[in-house]
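Colleague: pasting the structure only:
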């Protein structure tokens, strides 16, 4: 998904994980990787950015927020109206994510970065997403018409 090769091109700007060779202990040895019950080799932790500023791709959060109110969003979009339930749900999701980073991870400042114009490099990705979106809406409507509301949402 996204722009092919983006992370490779951004690699020089990325912050190394705590287990990276550039992060060594005072005695020159590499720190032990953090342990986690589900993944013994976790290399990154958001708390490593405590007291720092972060730029977050707001589009990814908005995409996830859409799952909290998908039906309301579809109806509002198709009717070219606003939906207070969808707006409240979106806002709550975004605020909760920011709150988690500020309070639990100790992040100093959050910059939410929103997409600008559509990037030509992502035209194929965007077309695929739109096609899937339409197919999912069609499937959800079909299930709703059959009374299968849980499956439709």
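Modeller: Nice, thanks for sending it over. Model, not experiment: these values are computed from the prediction.
Colleague: what residue ranges in the protein are flagged as low confidence?
Modeller: In the predicted model of the chain, residues 1-4, 7, 13-43 satisfy pLDDT under 70.
Colleague: which residue is nearest the centroid of it?
Modeller: Nearest to the geometric centre of the chain sits residue 60, at 3.3 Å (Cα atoms, centre = their mean).
Colleague: Please identify the helix or strand for that residue.
Modeller: helix 58-66 (DSSP states H and E).
Colleague: heading toward the C-terminus, what's the first helix or strand past that helix?
Modeller: Next along the chain after helix 58-66, with elements defined by DSSP H and E, is helix 70-79.
Colleague: now that following helix, how far from the centre of its chain.
Modeller: 21 Å (Cα atoms, centre = their mean, to the nearest Å).
Colleague: Output the contacting helices and strands for the helix or strand following it.
Modeller: The element immediately downstream of helix 70-79 (helix or strand, assigned by DSSP H and E) is helix 84-99. Of the remaining helices and strands, those touching helix 84-99 by 3 or more Cβ pairs under 8 Å, 6 or more residues apart in numbering; DSSP states H and E are helix 58-66, helix 70-79, strand 109-113. In short, each C-beta sits where N, CA and C put it, glycine included.
Colleague: And helix 84-99, what's buried?
Modeller: 86, 89, 90, 93, 94, 97 (16 or more other Cβ atoms under 10 Å).
Colleague: Can you give me the distance of the second one to residue 79?
Modeller: It stands for residue 89. 17 Å (Cβ to Cβ, to the nearest Å).
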